[in-house]
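In: coords below, sequence missing:
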């Protein structure tokens, strides 16, 4: 899209990818991992407050650099979904196009930079891969996917954020933690989901938007780098105060979508469950 080509992604490709990854993450939860995750609730709450704080700081940096109003600056740097933030910004008198550009830049830069840093300098984890989708258990994946799709459809009627990921993940946690389904989503399905997500993310860039709002785009790059650095320093503190590795803490605090960071954690044999939490 950046060179002017008009590209179209696979219809519902992003949603299908999120459903696949959400169910895959949820199925990794056993009763033991669920308890271990819940024990980290205090750290998760503090981490959430920290993310809100550094994104607010980013808004104060972004506003004068981009020359936008306070509303646009706030929602452009807020740690939320691009569609949700752009819609609310428009309703409150902000510039939805500017918000969309900054979110696209932030997520893309984080996805491009953070996994490379983690893979290059982080230590491989020791979390084993769960049962690959083989044997009798894998046959139940088909009705599990269907149930996840139905649950997502129901959750879309609520205000729950990102139902395409959260719904399947909750179902997977229920099935995995109770032992009703001891299997995992096949690796090829996860790879296909990553391709769908990557192509969707890349197609969000529009050359005309970048050219019409160059100041906003440059400011977006600056605050994206600031947020990545803030996440790293926060990860140092989080790792020092808990049993988490620095790599896991960094992925948990990184200013990108949970899906991409959880995939990176899985590839590094870290704790995608913790990152997701």
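Out: Cool, got the structure. From a predicted model like this one, the values you see are computed outputs, not experimental measurements. Numbers count the residues shown, from 1 in each chain.

In: poorly predicted segments of the stretch 101-250 of the chain, please.
Out: Counting by pLDDT under 70, the stretch 101-250 of the chain has low-confidence residues at 126-137, 161, 201-212.

In: repeat that with 50
Out: Residue ranges of the stretch 101-250 of the chain with pLDDT under 50: 131-135.

In: now the helices for it?
Out: In chain order, the stretch 101-250 of the chain shows helices spanning 136-139, 141-155, 163-177, 187-203, 207-212, 214-241, 246-253, with DSSP state H, counting those that start in this stretch as the criterion.

In: tell me how far residue 60 lies from residue 195.
Out: Going from residue 60 to residue 195 by CB to CB, to the nearest Å gives 37 Å. All C-beta spots, glycine's among them, are computed from the backbone N, C-alpha and C.

In: what do you get for residue 182?
Out: Separation of residue 182 from residue 195 (CB to CB) stands at 27 Å.

In: neighbour count for the two, which is higher?
Out: Taking residue 182 and residue 195 together and counting by other CB atoms under 10 Å, residue 182 has the greater number of neighbours (15 against 12).

In: give me the neighbour count for the closest residue to residue 67 other than its chain neighbours.
Out: By the measure of CB to CB, 6 or more residues apart in numbering, the closest residue to residue 67 outside its immediate chain neighbours is residue 215, 6.0 Å from it. Neighbours of residue 215 under the rule other CB under 10 Å: 12.

In: which other helices and strands contact the strand or helix carrying residue 42?
Out: Counting by DSSP states H and E, the secondary-structure element that holds residue 42 is helix 41-66. Applying 3 or more CB pairs under 8 Å, 6 or more residues apart in numbering; DSSP states H and E, one finds that helix 41-66 contacts helix 70-77, helix 96-121, helix 214-241, helix 246-253.

In: so who does residue 114 touch?
Out: With contact set as CB atoms under 8 Å, 6 or more residues apart in numbering, residue 114 has these partners: 228, 231, 250-251, 254, 256, 261, 264.

In: run the last query once more with 6 Å
Out: Under the criterion of CB atoms under 6 Å, 6 or more residues apart in numbering, the contact partners of residue 114 comprise residue 254.

In: that older thread, the helix holding residue 42 versus helix 96-121: what angle between them?
Out: 120 degrees (axes from the mean of the first three to the mean of the last three CA atoms, to 10 degrees).

In: that older thread, out of the helices of the stretch 101-250 of the chain, which comes closest to residue 13?
Out: helix 187-203 (4.1 Å; CB to CB).
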